[in-house]
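A.B. asks: Could you look at this predicted model? Sequence included:
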Amino acid sequence: MVRVRTPRQSVDEFINAAEKPSLEEATSPQTLQEQSEPQGTKERVRARAKSSRKVGAYTIQATKSQKALMDYAAEELDISKAKLLERYFFTTLEEKFGDAVPIHEQ
């Protein structure tokens, strides 16, 4: 990455900006592993959700009654059904099993 110093930047500002790690370096697996693991369930849920890009995980089956319950809950909370599942499903899994599974990909 080439940085060009503008006339209004001081030399120190230019050097400090140039020494910051790039986005690739800041999010490299080694850098992410060096960061401390979040301790609380909410912090782990957030960290795990932001640890990598989203992928299809599984398609669930539900009865008509369960689908109606999901539709109602999503409408009441004014969120999508996917967000509803993320919020309640992953929080429950994180509480029970989150300490055993590393957040960042190895």
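C.D. replies: Here it is on my side, so go on.
A.B. asks: Point to the helix or strand of the chain where mean pLDDT is at its lowest.
C.D. replies: Between all helices and strands in the chain, the lowest mean by mean pLDDT, DSSP states H and E belongs to helix 29-34, at a mean of 52.
A.B. asks: for the next helix or strand after it, which positions count as buried?
C.D. replies: Stepping forward along the backbone from helix 29-34, the first helix or strand reached (DSSP states H and E) is helix 41-50. Judged by neighbour count using 16 or more other Cβ atoms under 10 Å, the buried positions of helix 41-50 are 41, 44-45, 47-48. Every residue, glycine included, has its C-beta placed from N, CA and C.
A.B. asks: ok, and the closest non-adjacent residue to F90?
C.D. replies: In space, F90 comes closest to V45 once its chain neighbours are excluded; the distance is 5.8 Å by Cβ to Cβ, 6 or more residues apart in numbering.
A.B. asks: just to revisit the earlier point, Throw the buried residues of helix 41-50 into a markdown table and include distance to D78, thanks.
C.D. replies: Converted to a markdown table, the buried residues of helix 41-50 look like this (distance: Cβ to Cβ, whole Å):
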| residue | distance to D78 |
| --- | --- |
| T41 | 23 |
| R44 | 25 |
| V45 | 20 |
| A47 | 25 |
| R48 | 24 |
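A.B. asks: From those residues, pick the one nearest E76.
C.D. replies: Of all these, E76 sits closest to V45, with 21.0 Å by Cβ to Cβ.
A.B. asks: Report the inter-axis angle for the lengthiest helix in the chain versus helix 41-50.
C.D. replies: Secondary structure of the chain per DSSP state H: the longest helix is helix 81-97. With axes from the mean of the first three to the mean of the last three Cα atoms, to 10 degrees defining the directions, helix 81-97 sits at 120 degrees from helix 41-50.
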